[in-house]
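Novice: Test case, fold it:
(one chain, ligands or ions: 1)
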Amino acid sequence: MLVVENVEKSYRKMGFLSAKRHHIIKDISITCGYGECLGIIGESGSGKSTLGRFLAGIEKPDRGTILLEGHSVAERAVRAGRISAVFQDYTSSMNPFFTVEQAIMEPLSIGRKAVSENHNKLNHLLHQVGLPSSYRTKYPHELSGGEVQRVCIARAISTEPLYIVLDEAISSLDVSVQTQVLDLLQALKEMYRMSFIFITHDLQAAAYLCDRVMIMRNGEREEMVPIEHLPHVQSAYASTLLQKQITL
Ligand SMILES: Nc1ncnc2c1ncn2[C@@H]1O[C@H](COP(=O)(O)OP(=O)(O)OP(=O)(O)O)[C@@H](O)[C@H]1O
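Specialist: Next up, the predicted model:
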């Protein structure tokens, strides 16, 4: 299980000598079980991506802990192959000097397995994200944004991790590919009990994939709601936010 306990983060406010701090994440605690998809929804600037970076181990909170099976995700060895992430900014997610094959296979440390085994795995991963196997020799500059994002998703699932942090990971894809990727994530969730932290503005996608949704407000946990209760959130803020998103 992934357990987040009392995480906090602040940055110094603008101005070199300013002692004031901007509190981005305020005392958030959450858990995410195996096979669960936890959605994170909130207005722009509410701290969703910052929390996502904590969970992926890319950034450390000032206070609090994030534990995977009792071990801190700040340790690379704890995360390796078990937590992966796909971010919105796919333009910087793929090494420009790597082919599709190198990018996808890198987390699997190519040398250890027979070439044919890797080849089959690669073809399977490409197929899962809806890309032809001929794409394996292409470089990022030869791909569309949506195709790069699909490569990033193939890479993220290549190690069959326990958790994947998806930060607006499907927003840039066209609708038919979004559906395809959502179906893929749903299948992975069921097949391997893979778990997702799904950061999104897309309520429909959240409703399709998530079991629970956390609504964030100014760095705080405003409300946690099982997906079936989403139309009946308790707080007025959450209700207004969801209404706004529905009408977008
Ligand atoms: N390294 C940093 N230094 C200073 N402020 C930062 C830093 N990283 C994030 N912030 C601030 O933290 C706040 C939360 O940012 P974050 O990206 O987590 O929000 P978000 O909810 O993901 O927003 P969006 O939906 O627009 O992506 C913002 O006000 C942002 O400017």
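Novice: how much space is there between the residue positioned nearest the centre of the chain and residue 202?
Specialist: In the chain, the residue lying closest to the centroid (CA atoms, centre = their mean) is residue 166, at 1.7 Å. Separation of residue 166 from residue 202 (CB to CB, to the nearest Å) stands at 11 Å. All C-beta atoms are positioned from the backbone trio N, CA, C, and that covers glycine.
Novice: Please apply the same query to residue 88.
Specialist: 12 Å.
Novice: okay, and the common contacts of these two?
Specialist: Taking CB atoms under 8 Å, 6 or more residues apart in numbering as the contact rule, residue 88 and residue 202 both touch residue 171.
Novice: that older thread, pretty sure the residue nearest to the centre of the chain sits in a strand.
Specialist: Yes: counting by DSSP: H, G, I helix; E, B strand; the rest coil, residue 166 is part of a strand.
Novice: Identify the bridge partners of it.
Specialist: Under DSSP bridges, the beta-bridge partners of residue 166 are residue 86, residue 198.
Novice: who's in contact with it?
Specialist: 85, 86, 185, 196, 197, 198, 199, 200.
Novice: what do you get if the cut-off is 10 Å, keeping everything else the same?
Specialist: Neighbour list for residue 166: 37, 39-40, 52, 84-88, 152-153, 156, 181, 185, 196-200, 205, 209 [criterion: CB atoms under 10 Å, 6 or more residues apart in numbering].
Novice: Now for residue 166 and residue 202: what residues contact both?
Specialist: 39, 209.
Novice: can you map out the strands along the protein?
Specialist: 2-12, 21-32, 37-42, 63-68, 71-72, 83-86, 163-167, 195-199, 212-217, 220-226 (DSSP state E).
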